[in-house]
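A.B. asks: Starting from these lines, generate the structure:
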Amino acid sequence: MSKHVVKAGSILIAEPFMMGNPFKRSVIAVCEHRPDGTVGFILNKSIDMTIETLVADFPEFDAPVFYGGPVDTDTIHYIHNLGDLLDNSNEVSRGVYWGGDFDKLKFLISSGLIKKDNIKFFIGYSGWSGGQLQSELDEGTWIVDDLYANYAFKDEESSLWSTVLNNKGDKYTVIAQMPESPSQN
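C.D. replies: The predicted model follows:
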C-alpha cells in the first residue's frame, strides 16, 4: 500500500529539484481523482492576461488568469468559494468548488456579487491517466497535502510553494527554504 493518498481536495507540491518543466515549484489543486485519471490546476502560475480579454462577451472583470497545466490549453476552467450560489459546481474541499453554470457566473460577476478573491480562472489543466500520478508519487516527484481555501484564494502566489511546505512542518520547512536555483546554495 502506498503512503501517498491523493483525492479530490488534495494538493500536489512539486519536489524542489523538479527543474525545466511547467511544474517547477508548482502547487496543484486536485479537483478530480478517479481510477482512470486525475485533474488538477496549478495555483501559483499566473499569466499576463485577464479573463475578460480571453472570453468574448465576458463582463468587465479584471481577474488574472492562471496556467492550469499543459493539457487542453485552449480551454478555460475555474475554482471558486461561492458554494451553492453557483449552480452545478462541485465541492472539492471545504470552501473550494470547481466549475458551475458559466452563464450564471457571468451574471453574478456583472451584478457585482463575485469579487476577484472569490474565483480563480485557468487556461488548460494538469492531467494524469490512470496509474500515472501514482507512479510519479512513488518516484517522489510530488508531496501531497490537503487543499485549504486560503491556498486557492488568499495566499500570495509568489510564495505559495514555500508557504504550503512550511505549513506541512518537519523536514518540509527545510525544503521550503531551498533557493530556486541549486547554484544559489
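A.B. asks: contacts, neighbours, all on C-alpha from now
C.D. replies: Fine.
A.B. asks: For Leu160, which residues are in contact?
C.D. replies: Val27, Asn44, Tyr151 (Cα atoms under 8 Å, 6 or more residues apart in numbering).
A.B. asks: from those, which ones fall inside helices?
C.D. replies: Taking DSSP state H as the definition of helices, the contacts of Leu160 contribute Tyr151.
A.B. asks: Let me know the closest of the contacts of Leu160 to Gly127.
C.D. replies: Val27 (13.7 Å; Cα to Cα).
A.B. asks: Spatially nearest residue to the closest one, not counting backbone neighbours?
C.D. replies: Among residues not flanking Val27 along the chain, Ile13 sits closest, at 4.7 Å (Cα to Cα, 6 or more residues apart in numbering).
A.B. asks: Thr141 too?
C.D. replies: Glu15 (5.6 Å).
A.B. asks: So which residues of the protein form helices?
C.D. replies: All helices of the chain, identified by DSSP H, fall at 51-54, 102-110, 132-138, 149-153, 160-168, 171-176.
A.B. asks: quick revisit: next, the contact list for the residue nearest to Val27, please.
C.D. replies: Applying Cα under 8 Å, 6+ apart to Ile13 gives the contacts Arg25, Ser26, Val27, Ile28, Trp142, Ile143, Val144, Asp145, Trp161, Val164, Leu165.
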